[in-house]
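# Have a look; sequence and predicted model below, questions after that.
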Amino acid sequence: QVQVVESGGGLVQAGGSLRLSCVASGRFFSINAMGWYRQAPGSQRELVAAITLAGSTNYADSVKGRFTISRDNWKNMVTLQMNSLKPEDTAVYYCNADGRLTYQSRDVFNSWGQGTQVTVSS
């Protein structure tokens, strides 16, 4: 069982900043990618940013230049620094981690956190 727990989030005015953190714990062999997704009311969950074990990153076009994802592999932690926030960034943000439970490549996992609310007021 792999647990993913988010922290951070909250209410901020437009133009402000927030920092989200996520830690994966439990019994696993390795984590490949960790990422952040978000879901606004009435919308589908969408990728915000992701980072691989090697440090390659991928961002949604809507957050490029404003959000930065980083990772601490020793702590199994991923952080999302969100600057210049806009009202349209308001959503529940979910952390995701995928990897291997054992050294065997077929024993994979994909785990989600419970989500943390980010609200940006205009």
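Perfect, I can see it now. Numbers count the residues shown, from 1 in each chain.
# neighbours of the closest residue in space to L101 that isn't next to it in sequence, just the number please.
Nearest residue to L101 in three dimensions, chain neighbours excluded: D107, at 4.2 Å (CB to CB, 6 or more residues apart in numbering). In this view, the C-beta of every residue, glycine as well, is placed from N, C-alpha and C. Using other CB atoms under 10 Å, D107 has 12 neighbouring residues.
# got the contact list for D107?
29, 100-101 (CB atoms under 8 Å, 6 or more residues apart in numbering).
# what about stretch 107-120, start to end distance?
Counting by CA to CA, to the nearest Å, you get 39 Å between the two ends of stretch 107-120.
# Pull out the buried positions in it.
Within stretch 107-120, the residues scored as buried using 16 or more other CB atoms under 10 Å are 109, 111, 113, 115-116, 118, 120.
# Okay, and the spatially most central residue of the chain sits in which element?
Residue closest to the mean C-alpha point of the chain, counted by CA atoms, centre = their mean, is W36 at 2.3 Å. Using DSSP states H and E, W36 maps to strand 30-39.
# For that strand, name the packing helices and strands.
Helices and strands touching strand 30-39, as assessed by 3 or more CB pairs under 8 Å, 6 or more residues apart in numbering; DSSP states H and E, comprise strand 18-26, strand 46-51, strand 67-72, strand 77-82, strand 91-100.
# Taking strand 91-100 as reference, get the angle to the fourth one.
It stands for strand 77-82. 150 degrees (axes from the mean of the first three to the mean of the last three CA atoms, to 10 degrees).
# And strand 77-82, how far out from the chain middle?
Relative to its chain's centre, strand 77-82 lies at 7 Å (CA atoms, centre = their mean, to the nearest Å).
# what does it rub up against?
By CB under 8 Å, 6+ apart, strand 77-82 touches 17-24, 34-36, 48-49, 51, 63, 66-72, 89, 93, 95, 97, 118.
# Equivalent analysis for the third one, please.
For strand 67-72, the surrounding residues in contact (CB under 8 Å, 6+ apart) are 34-36, 48-51, 55, 57, 59, 77-83.
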